[in-house]
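Q: how would this look folded up:
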Amino acid sequence: MRSMIETNLDNVAQQSAFRHIYPGTKLLLALGSLILCLISPSPVVPLISGIVLSLVLIVPGRISPILYGELLLGPAIFAMMSVIVLLFMLGGGDVIWRFNPVPWINLTITTGSLREGILVLCRVFGCSISMFFIALTTPMTDLFNGMKRIGIPIELIDLMMIIYRYIFIICAQAVEIWQAQVMRLGYSRPWEAVRSFSMLCGMLFISSWNAGEDLVRAMDCRCYNGVFPSLDLAEPIQMWSLVPVILYLAGLSGILLVMTTGVVIVP
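A: A predicted model of the protein is given here:
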């Protein structure tokens, strides 16, 4: 299984079939779906949103199903752990399952807690896929340039660019150090594992500090004036991509309205 260090999501976004679509259109689709999933009182809307966006990413977006499944694995495990806790914490409705291992512990699952657990699970599913849609179709350079166009302070954007770049550099260094320690049996015994891990953290701290100083010196040598220049090749707004997004969000909003009010609009 490939790790996220070996598979940079920004590289996936660069190779996506939606790479050259106007970033605002993709953000409208993802953020609109995210908001509708959050406010939906029913699991139907998050499920529809998650399934539709997943099919869009895999089929026309040409995202590897294996990579996509690996990405969803993390949120799925976290959501399942949270839902299991919610099943025993929430109440309401009839009792479905009860367990009393000792007299002072009463573990109960009710219809109300099951309903809320399913809703939370579906919301996590829909919202996670909405965020992955942005990550897998929009490179970070497009996002940074979009932030500049809407007036976010340039200092904040430059700081985010530096942090984003060095995340992968530090992760690659961590993998190299860990592999070297494993080859030298650094994790063969519990005490050796603790010692090796502490050395790894210390080396990463020193390496990060030195990398920061090297970056400052390199910026000074290149007459840094407070702004990182970047090439902004803004894609124009394409109606052929904007219209389906608007129709999709309108349809999803209609489903949400029907699920909320219970009113069926008959033409």
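Q: report the buried residues of stretch 155-169.
A: Within stretch 155-169, the residues that count as buried by 16 or more other Cβ atoms under 10 Å are 157, 158. For the C-beta atoms, the positions are set from N, CA and C on the backbone; glycine is no exception.
Q: I meant to write stretch 138-153 there.
A: 138, 139, 140, 141, 142, 143, 144, 145, 146.
Q: put the alpha carbons of it into PDB.
A: As requested, the backbone C-alpha atoms of stretch 138-153 are provided in PDB (Å, rounded to 0.1, in the frame of the first residue of the first chain):
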ATOM      1  CA  THR A 138      -7.100  21.600  -7.400                       C
ATOM      2  CA  PRO A 139      -3.400  22.100  -6.900                       C
ATOM      3  CA  MET A 140      -2.200  24.200  -4.000                       C
ATOM      4  CA  THR A 141      -0.800  26.800  -6.400                       C
ATOM      5  CA  ASP A 142      -4.200  27.500  -7.700                       C
ATOM      6  CA  LEU A 143      -5.600  27.800  -4.200                       C
ATOM      7  CA  PHE A 144      -2.800  30.200  -3.100                       C
ATOM      8  CA  ASN A 145      -3.400  32.300  -6.200                       C
ATOM      9  CA  GLY A 146      -7.100  32.300  -5.600                       C
ATOM     10  CA  MET A 147      -6.400  33.600  -2.000                       C
ATOM     11  CA  LYS A 148      -4.400  36.400  -3.500                       C
ATOM     12  CA  ARG A 149      -7.200  37.400  -5.800                       C
ATOM     13  CA  ILE A 150      -9.800  37.600  -3.000                       C
ATOM     14  CA  GLY A 151      -7.500  39.800  -0.900                       C
ATOM     15  CA  ILE A 152      -6.000  37.600   1.800                       C
ATOM     16  CA  PRO A 153      -2.800  39.100   3.200                       C
END
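Q: now do the helix or strand of the chain with the lowest mean pLDDT: distance to the chain's middle.
A: Within the chain, no helix or strand scores below strand 95-99, which has a mean of 75 by mean pLDDT, DSSP states H and E. On the basis of Cα atoms, centre = their mean, to the nearest Å, strand 95-99 is displaced by 35 Å from the centre of the chain it belongs to.
Q: can you tell me which of the buried residues of stretch 138-153 is closest to residue 210?
A: Of all the buried residues of stretch 138-153, residue 140 has the smallest distance to residue 210: 24.4 Å, by Cβ to Cβ.
Q: any idea how far residue 119 is from the closest one?
A: The gap separating residue 140 from residue 119 is 32 Å, by Cβ to Cβ, to the nearest Å.
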